Structure formats: structure tokens, C-alpha cells
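Asker: Make a model of this:
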Amino acid sequence: QVQLVESGGRPVQAGDSLSISCAVSGGTFKNTDISWFRQAPGLERTFVAAVTRDNSESRYADFAKGRFTISRDNSKNTVYLQLNNLKFEDTAVYYCAWPRLGVGMATLAANVAYWGQGTQVTVSS
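Answerer: Okay, the predicted model is just below:
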């Protein structure tokens, strides 16, 4: 059973930076592309960023381009999301995601097989 545990979310001010992490166990991490999604209150869970298994390619939602950076350390079974120049509208629960078999980088929630419990990022203006 794959388990994903996010950490690092906290209240911050607009313009601040924050790094959140996702520790993965129970699966072949080094052979799996990993994604980050987020969900704000009353809204659907949406794609943020994804990284390939070898860290060679990444993909971002338009709102994340230029501000967020996804990376991974396969020696630690951990994926990171660096959040820079945070805005009030970035307030959400951020989730780490393991894709369904054969999907690759999951950019749709329907293509996710396993979710973490989420970590709350709150940005005050």
C-alpha cells in the first residue's frame, strides 16, 4: 500500500516563500512520476505541478509557472514543492499524488490512485 505524507504547510504572509514536502513509502518511488494538487474551500481539487521519476521533466499549472518549483530526492523518497511570492489565492490544502497505473504525470484528479492527507497553506494579505 502506497502512503504519502505531506508536511511543511503553515500560515504565511503574502509575498513569503515556503517549502512543503511529501514523504512516500510502500511503492516503487524511483519509477513513479509524482504530482502536487491543491484544494481551496468550496472548490475542486486542481493540479499544481508534477515531476518525472528521474527529475528530468516537470509540468506546472499556469498559476504556478514562475513562482513554484517541484523537485524530488529519490534517495529520500521525498518530493518537494517550493512556493515563492505567495498570494492570498494560494491558500489551500496541498496534496501529494501517486498516479494510476500507466498514467505518467497525473494532471487530473481522476488519474490519481493515492493521495496524501494534505498540508494546509494559509496566506494572509
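
Asker: Which strand or helix spans the residue nearest the centre of the chain?
Answerer: Central residue of the chain (Cα atoms, centre = their mean): Trp36, 2.2 Å from the mean position. Trp36 is part of strand 34-39 when elements are defined by DSSP states H and E.

Asker: strands paired with that strand, and their directions?
Answerer: Sheet partners assigned to strand 34-39 using DSSP bridges are listed as strand 46-51 (antiparallel), strand 92-99 (antiparallel).

Asker: Run through this structure and note the low-pLDDT ranges.
Answerer: For the chain, no stretch is flagged by pLDDT under 70.

Asker: still on that earlier bit, need the contact list for the residue lying closest to the residue nearest to the centre of the chain once chain neighbours are set aside.
Answerer: Nearest residue to Trp36 in three dimensions, chain neighbours excluded: Val48, at 4.3 Å (Cβ to Cβ, 6 or more residues apart in numbering). The C-beta positions use only the backbone N, C-alpha and C, and glycine is treated the same way. Residues near Val48 by Cβ atoms under 8 Å, 6 or more residues apart in numbering: Ser35, Trp36, Phe37, Arg38, Tyr60, Ala61, Ala64, Phe68, Leu81, Tyr94.

Asker: my read: Arg59 touches Ile34, true?
Answerer: No. Applying Cβ atoms under 8 Å, one finds Arg59 not in contact with Ile34, separated by 11.4 Å.
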